[in-house]
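Novice: below: sequence and its predicted model.
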Amino acid sequence: MSEAIKQLAVRTALELGAGAVRITSARADEESRRRMQAAFARRDFLCWSYDDEYARRATDPGDLCNGARSVVCIALPYATAAPRAGPLRGRVSNYAWSADYHRKLRALLDAVARTIDEAAGKRVTTVACDTRPLAERALAARAGLGWIGKHTNLISPGLGSFVFLGEVVTTLELPSDEPLAKSCGSCARCVEACPTQALRGDYTIDANRCISDLTQRTGAIPVSMRPLIGDWVWGCDLCQLVCPPTREAGPLGGAQWAPLDLEAGRPGLVELLRLRSSSFKKRFERTAMGWRGAAVLRRNAAVALGNALDRAAVGPLAESLCGDPHPMVRGHAAWALGRIGSPPALAALRGRSNVERSDEVRAEISMALQPFLTSPGVCSIR
């Protein structure tokens with residue numbers, strides 16, 4: 001009976017678009033808990049409120065579903081081709097440029113859960129879709145769905161690492177699959193491709209240096225990290241784009257994961273810099289970028305414009321420096337103007353320094369002007 005229910009669940013998931021399905025035990029994973037706690041002790045995830053209790057809960061499916069005995073692990077491929085770039089346009093991570101994946105993945109998981117419940121004749125499932133503590137990559141690796149690469153993402157054979165992961169936890173004991181005897185071996189392309197050196201090469205990551213985390217944090221981006229972010233305004237895919245199994249898999253996501261439009265995949269940086277809360281929801285509520293707010297995206301746009309080193313951006317950045325309601329955004333606009341360093345950019349910085357009320361922004365303006373000072377009160381224009 002349990003084998004029949006397993007095959008029914010697998011068939012349902014595959015018919016609904018899953019790329020791979022595997023089953024593992026719902027036992028608590030002490031090894032994963034220790035690795036997670038070690039990462040927290042190293043302060044690898046300072047921007048997130050993770051602690052030892054989170055690690056305990058995330059590595060025990062029984063915390064999610066009382067009496068849990070098995071976990072159905074599902075990989076849903078989403079890779080699609082990126083829109084062609086144009087001048088002063090930003091980059092968005094593949095997962096975030098289509099309609100928010102949570103809804104589609106949740107619908108698939110709910111359908112699989114209903115199939116299991118109906119076969120069992122009662123409710124025996126709980127669905128996990130990136131909304132509760134669960135070490136889903138560790139579970140997926142234990143189930144044989146793939147292996148965790150040096151970029152810390154799961155790599156699924158034939159699918160690569162551009163996969164959404166979801167789980168159906170059940171009180172039924174279903175036959176488990178075996179983990180894969182695979183690793184990245186000597187390959188370190190992802191480590192070499194990371195501009196911020198967030199990847200250590202030992203299958204761990206300093207998320208405080210990861211561009212994906214930097215573009216999603218709510219506070220200021222460290223000055224030393226800003227030039228390394230390039231034109232990314234949400235997330236980063238560089239470590240996955242160079243991964244051989246992912247490159248070989250190609251774009252398997254299909255039309256449903258394609259960018260909603262050009263602005264979703266390659267947003268205009270000036271337009272993003274001018275984005276206000278009144279239009280933010282309308283533009284981004286359907287995507288995975290819709291949860292952090294407009295100020296975070298404006299800040300990211302300012303950084304990307306500074307990295308573009310295009311003097312056409314000086315006017316919009318000066319406008320942002322003088323008029324943006326959020327001090328964080330004004331501060332990053334000041335940094336961008338200093339990075340461009342043209343006479344109009346420096347004039348905008350000097351002009352604003354006399355009237356800016358925020359200590360945070362005044363400090364950014366002073367820092368932006370500092371490289372151009374040859375003596376007190378004298379500015380050298382490059």
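Specialist: Done, it's in.
Novice: let me see the ranges of the strands in this structure.
Specialist: All strands of the chain, identified by DSSP state E, fall at 20-25, 70-77, 91-92, 125-128, 147-148, 154-155, 163-170, 232-234, 373-375, 378-379.
Novice: elements contacting the second one?
Specialist: Using 3 or more Cβ pairs under 8 Å, 6 or more residues apart in numbering; DSSP states H and E as the contact criterion, the elements in contact with strand 70-77 are helix 2-15, strand 20-25, helix 101-120, helix 136-143, strand 163-170. Heads up, the C-betas are built off the backbone N, CA and C, glycines and all.
Novice: quick one: that strand to chain centroid distance?
Specialist: Taking Cα atoms, centre = their mean, to the nearest Å, one finds strand 70-77 lying 20 Å from the centre of the chain it belongs to.
Novice: what angle do helix 136-143 and that strand make with each other?
Specialist: Angle, strand 70-77 to helix 136-143, by axes from the mean of the first three to the mean of the last three Cα atoms, to 10 degrees: 110 degrees.
Novice: pLDDT wise, what is Arg382 at?
Specialist: For Arg382, the pLDDT comes out at 38.
Novice: now do Leu337
Specialist: 98.
Novice: burial measure for the closest residue to it other than its chain neighbours, as a count.
Specialist: Once flanking residues are discounted, Leu337 sits nearest to Ala345: 4.2 Å by Cβ to Cβ, 6 or more residues apart in numbering. Look at Ala345: counted by other Cβ atoms under 10 Å, it has 26 neighbours.
Novice: touching, Ala345 and Val314? I think so.
Specialist: Yes: in this structure Ala345 lies within contact range of Val314 using Cβ atoms under 8 Å: 4.8 Å.
Novice: shouldn't Arg111 be in contact with Leu14?
Specialist: Just to correct that, residue 111 is Ala rather than Arg. No: under the criterion of Cβ under 8 Å, Ala111 is not in contact with Leu14, lying 11.6 Å apart.
Novice: and these two? Which one has more around it.
Specialist: Using other Cβ under 10 Å as the criterion, Ala111 and Leu14 rank with Ala111 on top: 16 against 13.
Novice: residue contacts, that one?
Specialist: By Cβ atoms under 8 Å, 6 or more residues apart in numbering, the contact list for Ala111 reads 12, 16.
Novice: in contact with Gly254, which residues?
Specialist: Here Gly254 is in contact with 17, 80 (criterion: Cβ under 8 Å, 6+ apart).
Novice: measure it to Ala79 for me?
Specialist: Distance, Gly254 to Ala79, by Cβ to Cβ, to the nearest Å: 9 Å.
Novice: ok, now Ala302?
Specialist: Going from Ala302 to Ala79 by Cβ to Cβ gives 29 Å.
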